[in-house]
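> Sharing a sequence plus its predicted fold:
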Amino acid sequence: MKFRALLKKDFKMLRRSPSLTLLLVLYPVVVAVLMGLAIGRPQTKPTIVISNQVPKQERIVKLGGSSFNLDELTGALYENVDAKTVDTTNEAIAAVRRGDAVAAIVIPPDIVEQLTSGTSQGAIKVYYDSSNAVRKAAVETTINGVLAGINRELTKTFRDQTLEILNALVKGGKFEGLGQGGSILGFSQGKTLLDGLVAYAPAEDKADVRKLATTMELSQVGIGFADTLLKRIGEPIRLEREPIGTISSIPALAVAVAACVSMMFVALLLGAGTLALEQEDRMLSRLLRGLLSRTTVVLEKTTLSAICASLVGLLMLAGFSVFLNIQWDRAFIWIPAVIAGAFGLSAAGVAIGALMRDVRAASLVAFMVGLPLAAAALVPSDAVGSVLGAVITGVSALFPFKPAFDLLSAGLTPGGEPLLPLLHLAVLVAAYAAIAVAAVRRYQYA
């Protein structure tokens, strides 16, 4: 009952400070909106003009028994950019010069002939606006990414056509390729035929005929490896992805960082400020002369700060869910993670308030301690040397931000392990509460 009465008193104090309450409510909402816009929404697609000069009825590239529709190239571009169509090269260049587009892609009318000739590469002309290096690089990356996918598909088509030609050379039959066609004898048939012709060849030519027959036999064996060799040419190194550990993502990590940083400032400033204010106004002396114990006061201030920080964290996650795919089916993990992290950070704030005793000093120390320790907790272990990394790891282990961040990240990402950071937070809460109680005891007898 005493605990509830003290908590009710502090909530009334917050209610009498509407500016502070409004800040605590609006702060997470504003940060959630700004961070969501920054990391959740796709960047504006660049404007590109496309001049496809190949007649519609001639846009099918036939390669042996396979075919490729040239409209797949422009279709892939339309998906990745804000594309507009023009008819001529001059119109495309003029659009770039006017600033209506950052790039122009011109597909020449003879590209189909180039691809089917078997002797030349197809060429597509791209005109860039070079006045803005950042936009130019972004457009180049987009176009190169689209062309990489189209080139892979065409490479497979060319490989299949090459294998068909080589197969016809080995086994014989119908031959189509390089603009020619007909029925041919294969190397396998040629070897048998030449062996039979050796007896009828002039004496001085018999050795050459036998060599030619042997050449055909060896060529048949060599061509048998063509499939493997062509695959290696198309993709010399194949990337096999096998994820290990949690299935994390950049947006999930950004959400965890933003929520934990906001919770940290609310918990530290509120926890340190409320207890320091009680000491500064001599209210704590009157409370301790009554029936309240030092432990009750510390736990009440921690609970008050934790409730407010938890609301901040939950409001931020709700705000992020507008822009990002927050996994609400894992809410049974990340909601307790938010609450546990808020308690850990609040305990640290109350300990600072108990040690400082002055509101201004406590608020300043909370800010100066919280920000660098939060930043240190986010430094990757391999980004610094082993000695400095060990120091950063040790210091981060003494402050609740790191386990709070790890716990929330585990709740937001599938496969996360929440048990260890939860135990870490429990130890820190107990340690900071003990420090706060000891500091209040010293204040009582000072």
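In hand now; what should we look at? Numbers count the residues shown, from 1 in each chain.
> Flag the shaky bits of the stretch 51-200 of the chain, pLDDT-wise.
62-68, 73, 115-121, 131-135, 146, 149-150, 153, 172-191 (pLDDT under 70).
> Break down it into its helices, ranges please.
71-80, 89-98, 111-117, 133-171, 187-197 (DSSP state H, counting those that start in this stretch).
> Quick one: list the elements packing against the first one.
Right, helix 71-80. strand 47-52, strand 103-107, helix 133-171 (3 or more CB pairs under 8 Å, 6 or more residues apart in numbering; DSSP states H and E). Placement of C-beta: from N, CA and C, glycine included.
> buried sites along that helix?
Within helix 71-80, the residues that count as buried by 16 or more other CB atoms under 10 Å are 73-74, 76-78.
> swap in the fourth one?
For helix 133-171, the buried set under the neighbour-count rule, 16+ other CB under 10 Å, comprises 135-136, 138-139, 142-143, 146-147, 150, 154, 156-170.
> Check the offset of stretch 202-221 from the chain's centre.
For stretch 202-221, the separation from the chain centroid amounts to 60 Å (computed by CA atoms, centre = their mean, to the nearest Å).
> Kindly apply the preceding question to stretch 50-57 instead.
Using CA atoms, centre = their mean, the offset of stretch 50-57 from its chain centre is 36 Å.
> Would you convert the buried residues of helix 71-80 into JSON lines that also reports distance to residue 55?
Shown next, in JSON lines, are the buried residues of helix 71-80 (distance: CB to CB, whole Å):
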{"residue": "73", "distance to residue 55": "15"}
{"residue": "74", "distance to residue 55": "14"}
{"residue": "76", "distance to residue 55": "20"}
{"residue": "77", "distance to residue 55": "19"}
{"residue": "78", "distance to residue 55": "19"}
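> tell me which of these is nearest to residue 387?
Nearest to residue 387 among those, counting by CB to CB, is residue 76 at 50.0 Å.
> I'd like the helices of the stretch 51-200 of the chain as CSV, with distance to residue 398 appended.
Output for the helices of the stretch 51-200 of the chain, formatted as CSV (distance: least, CB to CB, whole Å):
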stretch, distance to residue 398
helix 71-80, 48
helix 89-98, 57
helix 111-117, 65
helix 133-171, 41
helix 187-197, 76
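> For residue 216, which of the ones you listed is the nearest?
Residue 216 lies closest, by CB to CB, to one member of the helices of the stretch 51-200 of the chain: helix 187-197, at 4.4 Å.
> and the helix or strand that that closest one is followed by, what's its mean pLDDT?
Tracing the chain past helix 187-197, the next element assigned as helix or strand by DSSP states H and E is helix 206-223. The average pLDDT for helix 206-223 rounds to 72.
> between helix 206-223 and helix 133-171, how big is the angle?
130 degrees (axes from the mean of the first three to the mean of the last three CA atoms, to 10 degrees).
> so what secondary structure elements neighbour helix 206-223?
Using 3+ CB pairs under 8 Å, 6+ apart: helix 206-223 touches helix 133-171, helix 187-197.
> looking at the helices of the stretch 51-200 of the chain, which is closest to residue 343?
helix 133-171 (43.9 Å).
> Taking helix 71-80 as reference, get the angle to the closest one.
Here helix 133-171 points in a direction 150 degrees away from that of helix 71-80 (the same axes, to 10 degrees).
> quick one on the thing from earlier: now render the helices and strands packed on helix 71-80 as CSV, adding distance to residue 206.
Shown next, in CSV, are the helices and strands packed on helix 71-80 (distance: least, CB to CB, whole Å):
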stretch, distance to residue 206
strand 47-52, 60
strand 103-107, 57
helix 133-171, 25
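> so which of these gets nearest residue 374?
Of the helices and strands packed on helix 71-80, nearest to residue 374 by CB to CB is helix 133-171, at 30.0 Å.
> Helices of the stretch 251-400 of the chain, start to end?
With helices called from DSSP H, counting those that start in this stretch, the stretch 251-400 of the chain shows them at 283-289, 294-320, 331-356, 359-377, 386-397.
> Using JSON lines, please lay out these together with distance to residue 262 and mean neighbour count.
Converted to JSON lines, the helices of the stretch 251-400 of the chain look like this (distance: least, CB to CB, whole Å; neighbours: other CB atoms under 10 Å):
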{"stretch": "helix 283-289", "distance to residue 262": "28", "mean neighbour count": "15"}
{"stretch": "helix 294-320", "distance to residue 262": "5", "mean neighbour count": "23"}
{"stretch": "helix 331-356", "distance to residue 262": "10", "mean neighbour count": "26"}
{"stretch": "helix 359-377", "distance to residue 262": "11", "mean neighbour count": "18"}
{"stretch": "helix 386-397", "distance to residue 262": "19", "mean neighbour count": "13"}
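> returning to what we had before: among the helices and strands packed on helix 71-80, which is nearest residue 364?
Nearest of those to residue 364, taken as CB to CB: helix 133-171 at 39.0 Å.
> just how off-centre is that closest one within its chain?
Using CA atoms, centre = their mean, the offset of helix 133-171 from its chain centre is 26 Å.
> Surely residue 109 touches residue 54?
Yes: in this structure residue 109 lies within contact range of residue 54 using CB atoms under 8 Å: 5.5 Å.
> Quickly list the domain ranges of the chain.
2-40+250-444, 47-156, 185-232 (automatic domain parsing).
> re the thing from before, of all the helices of the stretch 251-400 of the chain, which lies closest to residue 203?
Smallest distance to residue 203 across the helices of the stretch 251-400 of the chain (CB to CB): 80.7 Å, for helix 386-397.
> Could you measure from residue 310 over to residue 89?
The spacing between residue 310 and residue 89, counted by CB to CB, to the nearest Å, is 62 Å.
> next one: residue 122
To residue 89, residue 122 is 16 Å away according to CB to CB.
> Neighbour count for the two, which is higher?
A side-by-side neighbour count of residue 122 and residue 89, using other CB atoms under 10 Å, places residue 122 first with 19 against 15.
> I'd guessed that one sits against residue 114; true?
Yes: counting by CB under 8 Å, residue 122 touches residue 114, with 4.5 Å between them.
> Wait, residue 374 touches residue 401, no?
Yes: using CB under 8 Å, residue 374 makes contact with residue 401 at a distance of 4.6 Å.
> Mutual contacts of these two, please.
Common contacts of residue 374 and residue 401 (CB atoms under 8 Å, 6 or more residues apart in numbering): 260, 264.
> what's the residue lying closest to residue 428 once chain neighbours are set aside in contact with, if anything?
Distances taken as CB to CB, 6 or more residues apart in numbering put residue 400 closest to residue 428, at 5.0 Å, once the chain neighbours are dropped. By CB under 8 Å, 6+ apart, the residues touching residue 400 are 341, 344-345, 347-348, 425, 428-429, 432.
> tell me the pLDDT at residue 400?
For residue 400, pLDDT reads 94.
> picking up where we left off before, closest one to residue 286 among the helices of the stretch 51-200 of the chain?
Nearest of those (CB to CB): helix 133-171, 62.0 Å.
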